[in-house]
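1. sequence and predicted structure below; questions after.
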Amino acid sequence: MILIDTHCDTLSVMAGLGGDYNAPPQTITPERLRQGGVAAQICALFAGVEGPAGNPAGLARKQLAALRCFTDEGIRHIKEFSEIRDGSPSVMLSVEGGEVFEGSLESLHEYYEAGVRMCALTWNHENELGFPHCKDSEKPLKPFGWEAVREMNRLGMAVDVSHLGTGGFWDLIEHADKPPMASHSCCLAIQPKHTRNLSDDQIRALVERGGWIGINFCSAFLSDERATAFNIDRNIARIADLGGIKNVGFGSDFDGIPCNPIGVDGPHQFPNLLDTLGKRFSKEEVEGIAGLNFLEYARRL
């Protein structure tokens, strides 16, 4: 079974920067990827908690250098989704916070050459591309945001709406050439207390456009209490009910969340989650959720 996780902050931890939050000790390791049967772990180059006011490009370079912590232990660094293989663990790169591009398409190309194949346009700060979920959310993408999106669409780099405001989200749904995705988000209907979660209308729109959603494992997005595999399963079921059984998968956010779900304490415990899903979904549907849905999405880029 091909298993893909589309978001983690492990490179931040490996580079000594910390994750998005005061996370527990490093969750994702080469050995745990092997134990859990993870074929591809997509690792974010995080722009940093200060956003454009900090040093996003410098932080990204430190995280890129930390990739050796995987490759030196025999984990492949791949640059194309077509290189994902069952039984051969790999890491790929994404960007979390388009401020790392510093308003330059030339910089975007440099990240692409380094292997970045996904980009969350914002983290929690306004930047040169647009506005986040938590401030001025209804505002549209900025002119450079559209320049970057058009170039990402041309290159086949996925445009990630996790953390993006609703104005930018609907801009992409209505006008982008290629379907966007949400690498690590959950369902607002289940947990309405967090602005990072997607409404049913947003989920339907992503499904209709041929997009994809990776369920975040952060308890705050899933439940009022510490999450379990059941809470992840419940979010996937909600998306399936909205027509998205072939548009959903995993975006754990390991190493960027304060605590991991009970029973899914890291990639080595993905089999526990798959067993839970198998009680609700067919074998074919579980295989899709595990990774095949994402590979189908990647072919649409």
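-> Received it, and whenever you're ready, just let me know what you need.
2. now the closest residue in space to residue 65 that isn't next to it in sequence: how far from residue 52?
-> Among residues not flanking residue 65 along the chain, residue 15 sits closest, at 7.1 Å (Cβ to Cβ, 6 or more residues apart in numbering). C-betas here are computed from N, CA, C, even on glycine. Noted for residue 15: a distance of 19 Å to residue 52, by Cβ to Cβ, to the nearest Å.
3. kindly report the same for residue 147.
-> Applying Cβ to Cβ, the value for residue 147 to residue 52 is 17 Å.
4. next one: residue 65
-> Taken as Cβ to Cβ, the span from residue 65 to residue 52 is 22 Å.
5. okay, now the residue nearest to residue 65: neighbour count?
-> 20 (other Cβ atoms under 10 Å).
6. before we move on, back to that, comparing residue 65 and residue 52, which residue is more hemmed in?
-> residue 52 (18 against 12).
7. ok, the residue lying closest to that one once chain neighbours are set aside - contacts?
-> Distances taken as Cβ to Cβ, 6+ apart put residue 99 closest to residue 52, at 4.5 Å, once the chain neighbours are dropped. The neighbours of residue 99, taking Cβ atoms under 8 Å, 6 or more residues apart in numbering as the test, are 47, 51-52, 56, 123, 125, 127-129.
8. repeat that with 6 Å
-> Taking Cβ atoms under 6 Å, 6 or more residues apart in numbering, we find residue 99 in contact with 47, 51-52, 56, 127.
9. any idea where the strands of the stretch 51-200 of the chain begin and end?
-> In the stretch 51-200 of the chain, the strands defined using DSSP state E, counting those that start in this stretch lie at 76-77, 90-96, 116-120, 158-160, 181-185.
10. okay, those, which one's buried deepest?
-> strand 181-185 (a mean of 30; mean count of other Cβ atoms under 10 Å).
11. I'd assumed residue 239 was in a helix, is it?
-> Yes - counting by DSSP: H, G, I helix; E, B strand; the rest coil, residue 239 is part of a helix.
12. list the buried residues for stretch 74-88?
-> Residues of stretch 74-88 classed as buried: 75-78, 81, 84 (neighbour count, 16 or more other Cβ atoms under 10 Å).
13. now it: mean pLDDT?
-> Average pLDDT, stretch 74-88: 97.
14. so what touches it?
-> So stretch 74-88 is contacted by 2, 30, 39-40, 67, 71, 89-92, 115, 298 (Cβ under 6 Å, 6+ apart).
15. please identify the helix or strand for residue 297.
-> Here residue 297 sits within helix 293-299, counting by DSSP states H and E.
16. again, but for residue 214
-> Judged by DSSP H and E, residue 214 forms part of strand 212-215.
17. does anything pack onto that strand? Which helices or strands?
-> strand 181-185, helix 229-241, strand 248-250 (3 or more Cβ pairs under 6 Å, 6 or more residues apart in numbering; DSSP states H and E).
18. shaky segments in the stretch 1-150 of the chain?
-> For the stretch 1-150 of the chain, the stretches with pLDDT under 70 are 18-24.
19. number of nearby residues for the nearest residue to residue 178 once chain neighbours are set aside?
-> Counting by Cβ to Cβ, 6+ apart, residue 153 is the residue found nearest to residue 178 once chain neighbours are left out, at 4.4 Å. Using other Cβ under 10 Å, residue 153 has 18 other residues around it.
20. can you give me the distance of residue 153 to residue 164?
-> Using Cβ to Cβ, residue 153 is found at 16 Å from residue 164.
21. beta partners of residue 249?
-> residue 214 (DSSP bridges).
22. I'd guessed it sits against residue 292; true?
-> No - using Cβ atoms under 6 Å, residue 249 makes no contact with residue 292, being 8.7 Å away.
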